[in-house]
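Colleague: Build me a model from this:
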Amino acid sequence: MHHSHHTVSTTSAAQAAVPPQRRAHRVAGAVATLLLAASGALALHTSPSRAEQLAAPAIAMPAPVVSGLPDFTQLVERVGPSVVNIRTTARVPMRGLRGGLPGMDEDMMEFFRQFGLPVPGMPPQRRGPRGGEPESRTVPNGVGSGFIISGDGYILTNHHVVEGSEDVIVTLTDQREFKAKVIGSDERTDVALIKIEAHNLPTVRIGNVEQLKVGEWVMAIGSPFGLENSVTAGIVSAKQRDTGSYLPFIQTDVAVNPGNSGGPLLNMRGEVVGINSQIYSRSGGFMGISFAIPIDEAMQVSEQLKGNGRVVRGRIGVRIGPVSAEVAESLGLERRNAGALVSAVEPDSPAASAGLQAGDIITHFNGKAIDSVSDLPRLVGSTAPGSQSTLQIFRHGKTQQLAITVGETPASANEAGSPRSGGASQQEQAKANAFGLAAQDLSEAEKKNLGVRGGVRISAVSGAAAQAGIEVGDVVLAIGQTEVLNRQDFDAALRKADAKRPISVLIRRDDWAQYVLIRPQG
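Modeller: Numbers count the residues shown, from 1 in each chain. As a prediction, the model looks like this:
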């Protein structure tokens, strides 16, 4: 009892020590607290408390999300020994070496050399046989990574890692060092194959790029300093990313820098799905996105490099462009944004021999669908020259099969097409129809010169056709799915067309052919 009384009196003394104003605030706070508690008690049966709301997500979260976070340690232990460090040297002229003290120009350095004096700030050089200074010197050229694809010493890396090098030195994780031979290198895909003289080496497992999914965890592993692996991880941001290059890249948010460029990109099964390529990040450092060369493409290149020392690519001799969804719909193509529109056929090319025409839409090559215009050059390029192949095309509303013999791409072939030259002939004053077009027949000489069976030349443009970009002098080869051989075909096709709906017109201008969508006005 005494203890209890002491506690009460202590509390009373504490209250007495508090000024009346502060006591009033405390009382008010206590009343507010009681009111809040009462309202909370009243609401207990209708809504969860704040604590319960905070706890609810944690309770609702499924356990596998936490336990499913990736653990890369086993992958690093398993794959790490297959990843190698690559450093290169290059021979440069001595006069090209910049050294000496800050502010020392070439003439001052030459003064020191002329009198046989050591150049300040430059390491001493071994003199040549005549006592003069050597003409060139070996200097470090670059550093990167690679990975072993066969036990007898074949290694994949980037072209830009070994480009222009005199010596290529490979260091394994067990600290063994080898001088490597460059078997072949392909600038177009940034893939290089090198070999060291060794046996029973640990190798990587090659994965399936088609099974790789966007959002999947991936890991980049490199060996920038030789003895230890450098590991970064992230997810697949996009597949078949078109960067304007030859390859459909794998885009990730994995940090790739010069040190681990050339190393493998791995899935969570420890299989290689790509080669990390720092050169395509277009900057000196990591900017949030990285690109990897798909391993299936890289392996095809490596097989050619191993067999021929270079990559031989097929070609068929066409210039191509995309097929828009609107044009595909107006022509009755089932698949939107698919296929490659033939804008020009090179004379005496495999495509010309096969009967391919400007305005054809290539939908399949050797049975493989052309999902994007960039698919065609890749599929043709990976086909051995001389191979008998098949093209499925869409021409004037009908699907056709063409047989074609693939040719070889010259080493210095210009991939870009010639630019379209603008400029139309003088505008004629003629009666244009509802679509704003008037035309006249082609002469036999014009047909022969253009290499076409027929067509009509635009003589007047107005309204919707002018807005669509059609110009006087353009040649019309087809309207919708109907081939236009002469003025009679042209007039009939326009009469048949619905003046309230867009129509696709296949236009030939100079060396190019493309579909133009005319939208009726009003």
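
Colleague: Only C-alpha atoms from now on, for both contacts and neighbour counts.
Modeller: Noted.

Colleague: Pretty sure Gln392 sits against Lys398.
Modeller: No: assessed by CA atoms under 8 Å, Gln392 is found out of contact with Lys398, at 10.4 Å.

Colleague: So if I had to pick from these two, which one is more boxed in?
Modeller: Gln392 (22 against 11; other CA atoms under 10 Å).

Colleague: so what does the particular helix or strand that has the more buried one in it touch, helix or strand wise?
Modeller: Using DSSP states H and E, Gln392 sits in strand 388-395. Packing partners of strand 388-395 (3 or more CA pairs under 8 Å, 6 or more residues apart in numbering; DSSP states H and E): strand 361-365, strand 398-405.

Colleague: Throw the ones you listed into a markdown table and include distance to Gln514, thanks.
Modeller: Shown next, in a markdown table, are these (distance: least, CA to CA, whole Å):
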| stretch | distance to Gln514 |
| --- | --- |
| strand 361-365 | 10 |
| strand 398-405 | 18 |
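
Colleague: and those strands, which is most packed in?
Modeller: For these, the largest average neighbour count (mean count of other CA atoms under 10 Å) is found in strand 361-365, namely a mean of 24.

Colleague: And that one, what does it pack against?
Modeller: Against strand 361-365 (3+ CA pairs under 8 Å, 6+ apart) you get strand 340-345, helix 375-381, strand 388-395.

Colleague: go again using 10 Å as the cut-off
Modeller: Here strand 361-365 touches strand 318-322, strand 340-345, helix 375-381, strand 388-395, strand 398-405, going by 3 or more CA pairs under 10 Å, 6 or more residues apart in numbering; DSSP states H and E.

Colleague: in its sheet, what does that strand sit against?
Modeller: strand 340-345 (antiparallel), strand 368-369 (antiparallel), strand 388-395 (antiparallel) (DSSP bridges).

Colleague: what about Gly332, how many neighbours?
Modeller: Neighbour tally, Gly332, other CA under 10 Å: 16.

Colleague: cool, and Thr73?
Modeller: Counted with other CA under 10 Å, Thr73 comes out at 9.

Colleague: what do you get for Gln440?
Modeller: Residues near Gln440, counting by other CA under 10 Å: 16.

Colleague: Over to Thr157?
Modeller: Other residues close to Thr157 by other CA under 10 Å number 28.

Colleague: quick one: contacts for it?
Modeller: 84, 86, 144-148, 185, 190-194, 261-264, 275-277, 298 (CA atoms under 10 Å, 6 or more residues apart in numbering).

Colleague: repeat for Gln467
Modeller: Gln467 touches 436, 461, 517-521, counting by CA under 10 Å, 6+ apart.

Colleague: Now which of those would you call buried?
Modeller: Neighbour-count burial (16 or more other CA atoms under 10 Å) applied to the contacts of Gln467 gives 436, 461, 517-520.

Colleague: and which of the residues you listed is nearest Pro294?
Modeller: Proximity of those to Pro294 (CA to CA) peaks at Leu517, which lies at 36.2 Å.

Colleague: Figure out the helix or strand that that closest one lives in.
Modeller: strand 512-518.

Colleague: ditto for Ala328
Modeller: Here Ala328 is assigned to helix 325-331, by DSSP H and E.

Colleague: Show me what that helix is in contact with.
Modeller: Outside helix 325-331, the residues touching it (CA under 10 Å, 6+ apart) are 332-339, 361, 394-397, 479-482, 501-505, 515-518.

Colleague: quick revisit: okay, the angle between the strand holding Leu517 and strand 340-345?
Modeller: Calculated by axes from the mean of the first three to the mean of the last three CA atoms, to 10 degrees, strand 512-518 forms an angle of 130 degrees with strand 340-345.

Colleague: Pull strand 512-518 out as CSV, backbone CA atoms only.
Modeller: Output in CSV follows, covering the C-alpha atoms of strand 512-518 (Å, rounded to 0.1, in the frame of the first residue of the first chain):
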residue,chain,number,x,y,z
TRP,A,512,12.1,3.4,-106.1
ALA,A,513,8.7,1.9,-105.7
GLN,A,514,6.5,2.3,-102.6
TYR,A,515,2.8,2.2,-101.6
VAL,A,516,1.2,5.5,-100.9
LEU,A,517,-2.1,5.8,-99.0
ILE,A,518,-4.5,8.3,-100.4
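
Colleague: Tell me how many other residues crowd Glu77.
Modeller: Other residues close to Glu77 by other CA under 10 Å number 11.

Colleague: swap in Leu450?
Modeller: 16.

Colleague: Renumber starting at 2 from here on
Modeller: Okay, using 2 as the starting number, the last item reads as Leu451.

Colleague: Contacts only, for it.
Modeller: Contacts of Leu451 by CA under 10 Å, 6+ apart are 445, 476, 509-512.

Colleague: Let's have those in TSV, adding secondary structure and neighbour count.
Modeller: Converted to TSV, the contacts of Leu451 look like this (DSSP: H, G, I helix; E, B strand; the rest coil; neighbours: other CA atoms under 10 Å):
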residue	secondary structure	neighbour count
Glu445	helix	12
Val476	strand	27
Arg509	strand	24
Arg510	strand	21
Asp511	coil	14
Asp512	coil	17
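
Colleague: Just send these back as TSV, with distance to Asn309 and pLDDT too.
Modeller: Putting the contacts of Leu451 into TSV (distance: CA to CA, whole Å; pLDDT from 0 to 100) gives the following:
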residue	distance to Asn309	pLDDT
Glu445	48	82
Val476	45	91
Arg509	41	87
Arg510	41	83
Asp511	39	76
Asp512	36	75
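
Colleague: now, which of these sits nearest Ala234?
Modeller: Closest to Ala234, out of all of those and judged by CA to CA, is Asp512, at 48.2 Å.

Colleague: Can you tell me the closest non-neighbouring residue to the closest one?
Modeller: Ala345 (6.0 Å; CA to CA, 6 or more residues apart in numbering).

Colleague: same question, Val346
Modeller: Val319 (4.7 Å).

Colleague: Next, count neighbours for that neighbour.
Modeller: Neighbour count of Val319, defined by other CA under 10 Å: 22.

Colleague: go on, the one 10 residues further on?
Modeller: Ala329: 20 surrounding residues under other CA under 10 Å.

Colleague: before we move on, the earlier item: quick check: the residue nearest to Val346 vs Val171, distance?
Modeller: 42 Å (CA to CA, to the nearest Å).

Colleague: just Asn258 next, same as before
Modeller: Asn258 is 18 Å from Val171, by CA to CA.

Colleague: And those two? Which one has more around it.
Modeller: Shown here are Asn258 and Val171; by other CA under 10 Å, Val171 has more neighbours (25 against 22).

Colleague: mind checking the SS state of Pro82?
Modeller: Here Pro82 is recorded as helix under DSSP: H, G, I helix; E, B strand; the rest coil.

Colleague: quick one on the thing from earlier: which positions in the helix holding Ala329 come out as buried?
Modeller: 327-332.

Colleague: and it, average pLDDT?
Modeller: Confidence over helix 326-332, taken as the mean pLDDT, stands at 81.

Colleague: Dump that helix to PDB, restricted to CA.
Modeller: Provided in PDB are the C-alpha atoms of helix 326-332 (Å, rounded to 0.1, in the frame of the first residue of the first chain):
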ATOM      1  CA  ALA A 326      -0.400  -1.200 -90.900                       C
ATOM      2  CA  GLU A 327      -2.700   1.000 -93.000                       C
ATOM      3  CA  VAL A 328      -1.200  -0.100 -96.300                       C
ATOM      4  CA  ALA A 329      -1.400  -3.700 -95.200                       C
ATOM      5  CA  GLU A 330      -5.100  -3.300 -94.300                       C
ATOM      6  CA  SER A 331      -5.900  -1.600 -97.500                       C
ATOM      7  CA  LEU A 332      -4.200  -4.300 -99.500                       C
END
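
Colleague: Next, the contact list for Ala293, please.
Modeller: Contacts of Ala293 (CA under 10 Å, 6+ apart): 221, 240, 242, 248-253, 255, 257, 262-266, 274-279, 281-282.

Colleague: Just give the nearest non-adjacent residue to Gly223, would you?
Modeller: Going by CA to CA, 6+ apart, Gly223 has Asn261 as its nearest residue, at 4.1 Å.
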